[in-house]
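In: coords below, sequence missing:
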């Protein structure tokens, strides 16, 4: 919410408007009015080529300081990225998660492994565990976005031991967090700051509370 | 049969890394895995990285990393047990004493072993 019940601009608006000058000069893609706030305002959207981001812009005509400034944006769904497996769409994800989508695409190497891929008898990986992994990562990214307005850093997605898949976030010397996804949907995790702070746990990917998971927001 | 006391903390253990356990130049955490109870390594007092590599079924698919024994012993509760075999007098197991960890180590231990490993014969 950018306007409080007293009709005043909230502090996050002031912070946001400094970040939007990059969108100046773009041709509006869609225009609609903002009636529900009771303020004289308009919503503009711009479509950025090849970036899959459409900033939604609100111009508050009655506030001199913010006139003709972009003070916020959101993301449209028409350019969602389809995550496919064997030409079948597993899920559609927001364009803002494009870097995660690339890591997911790269992780399909796991499904190419045949039995005895390590010359020591390890078995091939199932599509089920890969799908569990992908769905969890995206739901986690959605949670982070909705909660903090930040984009989850794309993790490395590796094959794990005994048919499982590992999802690894590493922030240089700051912290590491590894989730291990099993075929039955259970996920165990361990993280630390390379010093004394550690956390670990286990949950079922189809039935859990985000509020009990580590909340990782990267600022490299 | 084990003889843990014979292995000095300053010794090294050599461990093969299969090429499929290296992704984009990084060793994956799953590379550090026991098989049937122990993670098989070669003790540096009786072997070399080259000899360790030559024990692989497909030599060309493998590189070799080393661990300093003291660093492995610092990863609790791992044990370093000299378990010589007929074909390999240097054979040494890195073991987790827990009953559930004969074919997979806990996540923390996989990450710690990964961090402690150093290339001796790099696959690249």
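Out: Nice, I can see it. On a predicted model such as this, the values are computed, not experimentally measured, just so you know. Residues are numbered from 1 along each chain as shown, chains lettered A, B, ... in the order given.

In: Would you list the phi and psi of residue B:44?
Out: phi -60, psi -20 (degrees, to the nearest 10).

In: again with the one 3 residues further on
Out: Main-chain dihedrals, residue B:47, degrees, to the nearest 10: phi -150, psi 180.

In: ok, the closest residue to it other than its chain neighbours to chain A distance?
Out: Leaving aside its chain neighbours, residue B:47 sits nearest to residue B:90 (3.7 Å; criterion: Cβ to Cβ, 6 or more residues apart in numbering or on different chains). Any C-beta I mention is one placed from the backbone N, CA and C, and that applies to glycine too. As judged by Cβ to the nearest Cβ, to the nearest Å, residue B:90 and chain A stand 19 Å apart.

In: Let me see the mean pLDDT of stretch B:65-84.
Out: Mean pLDDT, computed over stretch B:65-84, is 96.

In: Stretch B:105-124 too?
Out: On average, stretch B:105-124 scores 94.

In: quick check, it touching chain A?
Out: Yes. For stretch B:105-124 and chain A, the contact criterion (Cβ under 8 Å from any Cβ of the partner chain) is met by B:105-108, B:110-111.

In: Nearest to residue B:75 among these?
Out: The shortest approach to residue B:75 among the residues of stretch B:105-124 next to chain A belongs to residue B:108, at 8.3 Å (Cβ to Cβ).

In: Sticking with the closest one, tell me its helix or strand.
Out: helix B:107-116 (DSSP states H and E).

In: Which strands or helices does the next helix or strand after that helix pack on?
Out: Where DSSP H and E defines the elements, the next helix or strand beyond helix B:107-116 is strand B:118-121. With contacts taken as 3 or more Cβ pairs under 8 Å, 6 or more residues apart in numbering or on different chains; DSSP states H and E, strand B:118-121 sits against helix B:49-54, strand B:62-68.

In: Close to chain A: what parts of chain B are there?
Out: B:18, B:20-21, B:23, B:26, B:28-30, B:33, B:35, B:56-58, B:61, B:103-108, B:110-111.

In: Next, check those residues against the strands and list the overlap.
Out: B:18, B:23, B:26 (DSSP state E).

In: now the last one: how far from residue B:48?
Out: Spatial separation of residue B:26 from residue B:48 under the definition Cβ to Cβ, to the nearest Å is 25 Å.

In: check whether the helix or strand hosting residue A:111 contacts chain B.
Out: Using DSSP H and E, residue A:111 falls within helix A:109-112. Yes. Judged by Cβ under 8 Å from any Cβ, helix A:109-112 comes into contact with chain B through residue A:109.

In: now for that helix, which elements pack on it?
Out: Counting by 3+ Cβ pairs under 8 Å, 6+ apart, helix A:109-112 packs on helix A:127-148, strand A:156-159.

In: near chain B, which residues of chain A?
Out: Of all the residues in chain A, those lying near chain B are A:109, A:113, A:117-120, A:156, A:158-162, A:164, A:166, A:168, A:176, A:178, A:180, A:188-190, A:192, A:198, A:200, going by Cβ under 8 Å from any Cβ.

In: I'd like the distance between the residue nearest to residue B:32 when sequence neighbours are not counted and residue B:74.
Out: Nearest non-adjacent residue to residue B:32, counting by Cβ to Cβ, 6+ apart: residue B:113, 4.0 Å away. Distance from residue B:113 to residue B:74, counting by Cβ to Cβ: 11 Å.

In: For stretch A:93-100, which residues meet the burial criterion?
Out: By 16 or more other Cβ atoms under 10 Å in any protein chain shown, the buried positions in stretch A:93-100 come out as A:93-98, A:100.

In: Looking at the helices and strands packed on helix A:109-112, which is nearest to residue A:89?
Out: From the helices and strands packed on helix A:109-112, taking Cβ to Cβ, the stretch that ends up closest is helix A:127-148, at 11.6 Å.

In: No further queries at this time; thank you.
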